[in-house]
Each structure stands twice: as C-alpha cells, then as structure tokens.
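J.: I need the structure of the sequence given here:
(one chain, ligands or ions: 1)
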Amino acid sequence: MSANDAIFLSAHEAPGAQSIQRCDACAHELNALDAAPECPSCGGLLAIIHRAPVDVMGAPLVGSALSQVLSPASPGAHVSGVWRFESLIMPGAGEAITSHPEGNTPLMSRPRVSRFAGCDGLLIKHEGYNPTGSFKDRGMTVGTTQAVRTKATAVACASTGNTSAALASYAAQAGIPGLVFVPAGKVALGKMAQTLAYGATTLLVRGDFDACLKLVQEASRELGIYLLNSINPWRVEGQKTIVFEMLQQLEWSAPDFIVLPAGNLGNTAAFGKALREAHALGLISRVPRIVSVQAAGSAPFAAGFRDGFATRHAVQAETIATAIRIGDPASWDRAVRAIRETNGLVITVTDDEIIEAKVVIDASGVGCEPASAASVAGVRQLVQSGVIKSGDRVVAVLTGHVLKDPGILVELHQERADFAEANRPVEIEPTVQAVADILRRSRAH
Ligand code: F0G
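T.: Below is the predicted model of the structure:
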C-alpha cells in the first residue's frame with residue numbers, strides 16, 4: 001500500500017495532529033488548516049487523513065465500543081446527524097461548528113416503490129429531508145466550518161443548484177459572503193429560488209456546469225476565495241455521514257448494495273471513503289457494493305467503467321435530471337477507487353426511466369427530484385438483469401426533495417398532453433354541486 005492509500009495516520013506520522021490533508025496523486029501533505037483548494041505541488045485533489053479514534057486511556061476505539069460512542073443515545077451526542085460523527089470527519093471542530101443542524105434523515109420502505117423496483121428488501125435513505133432539501137447540507141456544514149476555522153473572507157462554488165442552495169444557507173449562517181456559479185437557464189426553479197433567498201451572490205454563467213467549475217477554480221486561485229465544491233476534502237468528510245448514519249440505522253449490519261445517482265462523483269467518492277473507514281474500524285464486517293447511476297446522456301463515468309477505467313472520459317452532458325447534467329466529473333479518480341474497492345458498478349438509466357421511477361416515488365407520497373429517482377431506476381434495472389437477487393438488502397439514496405424541481409411537476413401534471421399518469425388539477429365553480437360532480441366522475445374511472 002502506498003502512502004496515499006493509507007486509511008488513518010500511523011503513530012509516528014504528523015505528531016500532535018488529529019488530521020492532515022494529503023494529495024491523492026503525489027502524497028504531498030498539508031496542515032489541516034491550510035486553505036489550498038488543491039495540492040500546491042502537483043494540482044491533485046486533497047484528501048483528509050485522520051488519526052483513528054482512541055478512548056480516554058488512549059487505546060484504539062473500534063467495533064462495538066466505537067459504535068456506542070457514535071450512537072445518538074450516547075451522553076453528550078451532538079444533535080446533528082453529521083456532527084455526531086465529529087471524531088471521524090473533523091475531530092476538534094468544537095466552537096467553529098456551523099450546523100443547522102442537519103442529517104438524521106429517514107431510512108424508509110415503501111411497498112409501492114419496492115414493487116416497482118422488484119426488490120422486497122429495498123430501503124430508501126431520503127436525503128431530501130435535510131434543511132435545504134438535499135444531501136449537500138452534510139458536506140456544506142463541514143466545509144463552512146472549515147471556512148470559519150481558516151477565517152475565509154468569502155466562499156464560492158460551481159453548482160447545478162443544490163450545492164449553491166446549501167452554500168448560500170450555511171454561508172449566511174456563518175456570516176461569510178457566498179458566491180455561486182451556475183449554468184444559465186439550467187438550474188431547477190426551487191434551487192435557484194433558495195440560493196437567491198439565502199442571499200448568495202449568484203452568477204449565471206453562459207456555459208454548462210463543467211465551465212462553471214473551471215471558472216470557480218480559477219477565480220478561487222486568483223482571488224483567494226475559499227472553494228466549497230465537492231473537490232473540497234472537508235465536504236467529502238461531511239458526505240461520508242450519509243453512509244455512517246445509514247449503517248447506524250441498520251445497526252451496523254451492512255446492506256448488499258448502496259445505490260446512488262452520480263454526477264460530479266463527490267458522493268461516490270465520499271461513500272467509498274466512508275465504507276473503507278467503517279470497515280477498517282470494525283464498524284462493519286463486510287463492505288456493500290456501491291452502484292453509481294448516471295443519466296444516459298451524461299454518463300462519462302459509466303463509459304469509463306465499461307473500459308475498466310483505462311481512460312478518463314468527458315462528454316457533452318444532456319439530461320432532464322439537471323442536478324447530474326455533468327460531462328467531466330471532478331472526483332473521477334476517487335470514485336474509481338470507490339467502485340474498485342467495493343466491487344461496485346456504474347450503470348446508466350434513460351431520462352424516460354428516471355421519470356418513470358420518479359412518478360412512482362412521488363405517487364407513493366415520498367417524492368424526490370428527478371436526479372434522485374435515478375437510484376430507484378437503477379435498482380429496477382439491476383433486478384431485471386439479475387444482478388440484484390431476491391432477498392438482497394438494498395439501500396437507494398434519494399438525494400433531493402420533490403420541491404427542488406417544481407418545473408418538471410408542472411410540465412408532467414399540467415402541461416404535457418401525452419403523460420398518462422398526469423394528475424390534472426380541476427377548476428370548479430365554488431359550489432358543493434361542482435365537487436359532487438367531480439367525485440362522481442372520479443368514482444366512475
Ligand atoms: N443528486 C442530486 C440531487 C444532486 O444535486 C447531485 C449533485 C447529485 C445527485 C450527484 O452527486 O455530484 O456528488 O456525483 N449536485 C451538484 C450540485 C453537482 O452542484 O448541486 P455528485
């Protein structure tokens with residue numbers, strides 16, 4: 001194992017430090033409080049390496065002893081579903097913590113969704129229950145806390161909408177000016193509305209997400225703005241808690257598959273790191289397979305998977321699921337490691353399959369934004385192809401709330417003439433007779 005494959009700091013490394021930043025590519029090391037957006041030596045992505053947790057006597061804290069300390073019922077446990085895991089994500093954050101709080105999202109089962117997917121053991125981890133309605137809050141609470149610790153004067157991100165909403169909210173809470181770069185005309189209405197409401201300076205870039213990301217990286221380098229995209233290693237630390245919390249809800253009995261939508265690959269990378277660490281700490285005895293699901297029109301990572309990750313792919317991205325409309329994902333190498341280490345899979349689903357799954361998830365009363373539905377569409381595909389077997393335990397992650405993208409709901413239910421499941425609103429005169437007529441008609445159907 002090379003230095004940059006290490007899971008935790010060894011006893012003789014970085015004396016006195018709880019965590020360090022280490023370049024994924026060249027193993028160059030930086031202090032945990034260094035605000036560099038990438039490796040100053042080679043430009044590679046930085047990762048956080050922690051010292052493994054110890055008990056009050058200094059002995060390694062692993063397995064069930066560690067799971068007790070991490071429990072929400074543990075005395076003094078933080079109310080946040082992210083900061084409950086402080087020792088595994090940013091030990092010693094203390095006073096700097098900027099928390100809504102967030103996390104504590106439900107793990108649920110819905111017969112209608114299970115039937116659709118053909119998987120009895122399907123559980124849904126709904127990250128749309130976070131304060132700004134997406135999983136991004138988990139990374140952003142940690143990234144913003146780091147911005148506070150490093151006394152950042154401004155924070156910035158490129159986004160397809162959810163990261164920008166989360167950044168805007170947490171930057172407002174921390175009192176740090178926020179700057180977001182989004183692709184003009186390609187951000188769902190709910191996300192744009194949130195970003196404006198929380199007060200971030202919002203730049204509508206004439207280009208796609210990939211152009212936004214390049215621009216924000218250059219701007220952050222030249223203007224000294226703290227970068228809060230998912231390449232920020234602290235954001236990855238926060239997003240690990242989706243997996244920690246899910247495993248905790250399953251009493252640390254790992255499922256067979258964890259299925260998630262994939263765009264810029266920050267989450268795939270974070271899930272891989274979380275599973276690697278949970279396994280090394282004896283919290284789980286075996287590692288679930290990660291399945292990253294891409295939209296067929298935005299699927300460079302799936303193309304990479306098909307050629308054994310021999311080359312890095314980039315595409316001109318197009319999909320109805322604007323959250324994952326990304327052609328040149330930034331966390332490629334980390335995500336490759338996550339897929340390889342978990343014997344994972346990368347698959348694609350079409351926009352029609354995404355909408356089909358979304359309609360079922362919505363009509364079950366759960367609801368999600370289009371990109372999120374890719375995970376359930378992916379489960380369905382893997383059941384049909386026999387990869388997921390009856391009896392397998394599967395967790396599909398829904399990444400964003402149904403109200404993130406009201407535009408698609410209006411289109412499906414009110415505007416599109418060819419949509420069979422449309423639930424059309426009916427305008428009536430204000431009379432009981434009119435209501436009775438409608439009831440009679442709907443009974444007749
Ligand atoms: N699902 C939703 C709802 C998202 O907003 C995103 C990413 C993903 C899935 C994919 O996660 O990028 O880590 O692979 N949204 C980013 C954003 C790009 O700017 O909000 P990923």
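J.: surely Ile388 meets Gln381?
T.: No. Counting by CB atoms under 8 Å, Ile388 does not reach Gln381; the two are 9.0 Å apart. C-betas here are computed from N, CA, C, even on glycine.
J.: show me what contacts the closest residue to the ligand within the stretch 1-150 of the chain?
T.: In the stretch 1-150 of the chain, the residue that lies nearest the ligand is Ser134 (5.2 Å; CB to the nearest ligand atom). Counting by CB atoms under 8 Å, 6 or more residues apart in numbering, Ser134 touches 127-128, 162, 165-166, 369, 399-401, 404.
J.: which residues of the chain fall in strands?
T.: 8-9, 19-23, 29-31, 46-51, 107-108, 122-126, 155-158, 178-183, 201-205, 226-227, 257-261, 289-295, 345-349, 394-398 (DSSP state E).
J.: most tightly surrounded among those strands?
T.: strand 155-158 (a mean of 30; mean count of other CB atoms under 10 Å).
J.: got a list of contacts for that strand?
T.: Here strand 155-158 makes contact (CB under 8 Å, 6+ apart) with 143-144, 147, 163-164, 167, 171, 176-182, 205, 209, 212-213, 215-216, 219-220, 225-229.
J.: between Ile388 and Gln381, which one's more packed in?
T.: Ile388 (26 against 22; other CB atoms under 10 Å).
J.: quick one, phi/psi of the more buried one?
T.: When quoted as degrees, to the nearest 10, the phi and psi of Ile388 stand at phi -90, psi 120.
J.: for it, which non-adjacent residue is spatially closest?
T.: Leu382 (4.3 Å; CB to CB, 6 or more residues apart in numbering).
J.: near that neighbour, how many other residues are there?
T.: By other CB under 10 Å, 24 other residues sit near Leu382.
J.: I figured it was touching Val291, is that so?
T.: Yes. With contact defined as CB under 8 Å, Leu382 reaches Val291; the gap is 6.8 Å.
J.: mutual contacts of those two, please.
T.: 257, 259, 345, 347.
J.: quick check: the third one touching Phe301?
T.: I take that to be Leu345. No. With contacts counted by CB under 8 Å, Leu345 stays clear of Phe301, the gap being 11.0 Å.
J.: mutual contacts of the two, please.
T.: With contacts taken as CB under 8 Å, 6+ apart, Leu345 and Phe301 have Ser292 as neighbours in common.
J.: which residues touch Val113?
T.: 122, 124, 360-361, 364, 366, 376.
J.: output the residues you listed as JSON lines; include the columns pLDDT and distance to the ligand.
T.: Listed next are the contacts of Val113 as JSON lines, based on pLDDT from 0 to 100; distance: CB to the nearest ligand atom, whole Å:
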{"residue": "Leu122", "pLDDT": "98", "distance to the ligand": "18"}
{"residue": "Ile124", "pLDDT": "98", "distance to the ligand": "14"}
{"residue": "Val360", "pLDDT": "98", "distance to the ligand": "18"}
{"residue": "Ile361", "pLDDT": "98", "distance to the ligand": "13"}
{"residue": "Ser364", "pLDDT": "97", "distance to the ligand": "18"}
{"residue": "Val366", "pLDDT": "98", "distance to the ligand": "14"}
{"residue": "Val376", "pLDDT": "98", "distance to the ligand": "12"}
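J.: among the residues you listed, name the ones in helices.
T.: Among the contacts of Val113, the members found in helices (DSSP state H) are 360-361, 376.
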